[in-house]
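quick one: sequence plus predicted model below, questions after.
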Amino acid sequence: MKILAIESSCDDSAVAIVDATERRLSIRASRVHSQNVLHAPFGGVVPEIASRSHVEMMTPLVRDTLSDAGATLANIDAFAVTYGPGLVGSLLVGLQTAKALAYAAKKPFIGVHHLEGHIAAITLDRDDPPAPPFLALVASGGHTALYFVRAWGDYETVGQTRDDAAGEAFDKGAKLLGLGYPGGPAIERAAVSGNDAAIALPRALPARDSFDFSFSGLKTALWQHVQKHGVPTGAALADAAASLEAAIVDALVKKTVTAARRKNAPRSVLAGGVAANTRLRALLTRTAAAYAIAVELPPKPLCTDNAAMIAAAAAPRLAAGESSPLDLNAVPTLPLGSR
């Protein structure tokens, strides 16, 4: 089965074609158009700008991705698209595109939960993808949550952020430090030569019986430091970036490993844009290994928003004969596991 998938939940326009067999999900072509240059002057995503850019880019991306794969619409067996959660204007562009293509080609289409896509990214281009049960940490600009994956489509929310997401904390921290947007890569680059113990920043909700996250207090603490000492430069900037990165990563790792142990999960899967952070990948792998918990890491390009992950989540449902109605609507807030 050849699946053409579309992802447009936030500020990345993405189209991919994935070949799905019983044994392997192979990426045949994948394109992602980043809007970073459009949103950088504002230090974050502006929804109206994002949706307008999706409108401009979606048709060229579909055309170019088909060309990359040496395919035509007639070769596509099914269509998949993110329908939530996300920015409603952005979601609508991708959703309406997928509906139109499916209708024109007279092929099935299916709506996919954005976070299920992130988790399913671990199954792409692998001969031995990890099978449930496992614990998944999904950390991105809009989401930070722990899910116990009993089976594909069967998810238990173990913990989630009570306020801001980890990626949002990176973005706002980078803005406070004058490092620009997007914040995650900027913080990681600046932190390389820094002392991560230079600034005492809080780790919220440290109790062992809570798997929820909170990053609003961390942002406030960094803001107070900048107000008192000014925007750092040179070595002090590296120290501030390293301290912020450590505070975010430490909280993610501690909660993930503790939750995996509590759920007796044999492995943990890392997903979402923050999963591309080198410190997080290394520390989670090292900490989990001490408790004989395996850690599965998707390639960094598959951590950030992409359409191949949407095809990966759609593949088993399409193979089972599922499809979505053409009146499916975009849903900005959507619990994982919703259909």
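Cool, got the structure.

show me the protein divided up by domain.
By the record's domain assignment, the chain is partitioned as 2-123+305-319, 134-298 (automatic domain parsing).

span of the longest one from start to end?
The one in question is domain 134-298. 14 Å (C-alpha to C-alpha, to the nearest Å).

the shortest one too?
End-to-end distance of domain 2-123+305-319 (C-alpha to C-alpha): 11 Å.

so how far is it off the chain centroid?
What separates the centre of domain 2-123+305-319 from the centre of its chain is 14 Å, taken as C-alpha atoms, centre = their mean, to the nearest Å.

tell me the average confidence for it?
When pLDDT is averaged along domain 2-123+305-319, the result is 97.

the stretch 51-200 of the chain: helices as residue ranges?
Defined through DSSP state H, counting those that start in this stretch, the helices belonging to the stretch 51-200 of the chain, from first to last, are 88-105, 114-120, 166-176, 183-191.

want to throw the ones you listed into a markdown table with mean neighbour count and distance to T258?
The C-beta positions use only the backbone N, C-alpha and C, and glycine is treated the same way. Converted to a markdown table, those look like this (neighbours: other C-beta atoms under 10 Å; distance: least, C-beta to C-beta, whole Å):
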| stretch | mean neighbour count | distance to T258 |
| --- | --- | --- |
| helix 88-105 | 20 | 34 |
| helix 114-120 | 27 | 20 |
| helix 166-176 | 24 | 17 |
| helix 183-191 | 21 | 24 |
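
nearest to L326, of those?
The closest of the helices of the stretch 51-200 of the chain to L326 is helix 88-105. By C-beta to C-beta, the value is 5.5 Å.

that closest one - contacts with which helices or strands?
With contacts defined as 3 or more C-beta pairs under 8 Å, 6 or more residues apart in numbering; DSSP states H and E, the secondary structure elements packing on helix 88-105 are strand 2-7, helix 47-69, strand 78-84, strand 109-113.

just send these back as TSV, with mean neighbour count and distance to D127 too.
Putting those into TSV (neighbours: other C-beta under 10 Å; distance: least, C-beta to C-beta, whole Å) gives the following:
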stretch	mean neighbour count	distance to D127
strand 2-7	28	19
helix 47-69	17	21
strand 78-84	27	22
strand 109-113	26	23
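
for those, give me TSV that also has distance to A166.
Shown next, in TSV, are the helices and strands packed on helix 88-105 (distance: least, C-beta to C-beta, whole Å):
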stretch	distance to A166
strand 2-7	20
helix 47-69	20
strand 78-84	20
strand 109-113	19
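
of these, which is nearest G178?
Comparison of these against G178 by C-beta to C-beta identifies helix 47-69 as nearest, at 22.3 Å.

mind giving me the packing neighbours of that closest one?
Taking 3+ C-beta pairs under 8 Å, 6+ apart as the contact definition, the neighbouring helices and strands of helix 47-69 are strand 2-7, strand 12-20, strand 25-34, helix 36-39, helix 88-105.

in a markdown table: the ones you listed, plus distance to N329.
Formatted as a markdown table, the helices and strands packed on helix 47-69 follow (distance: least, C-beta to C-beta, whole Å):
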| stretch | distance to N329 |
| --- | --- |
| strand 2-7 | 15 |
| strand 12-20 | 20 |
| strand 25-34 | 24 |
| helix 36-39 | 26 |
| helix 88-105 | 8 |
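
any idea which of those gets closest to D196?
Using C-beta to C-beta as the measure, helix 36-39 is the one of these that comes nearest D196, at 26.1 Å.

can I get the closest one in CSV? Just the C-alpha atoms.
The C-alpha coordinates for helix 36-39 follow below in CSV (Å, rounded to 0.1, in the frame of the first residue of the first chain):
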residue,chain,number,x,y,z
ASN,A,36,11.0,29.6,10.7
VAL,A,37,12.1,32.6,8.7
LEU,A,38,8.5,33.9,8.7
HIS,A,39,8.0,33.6,12.5
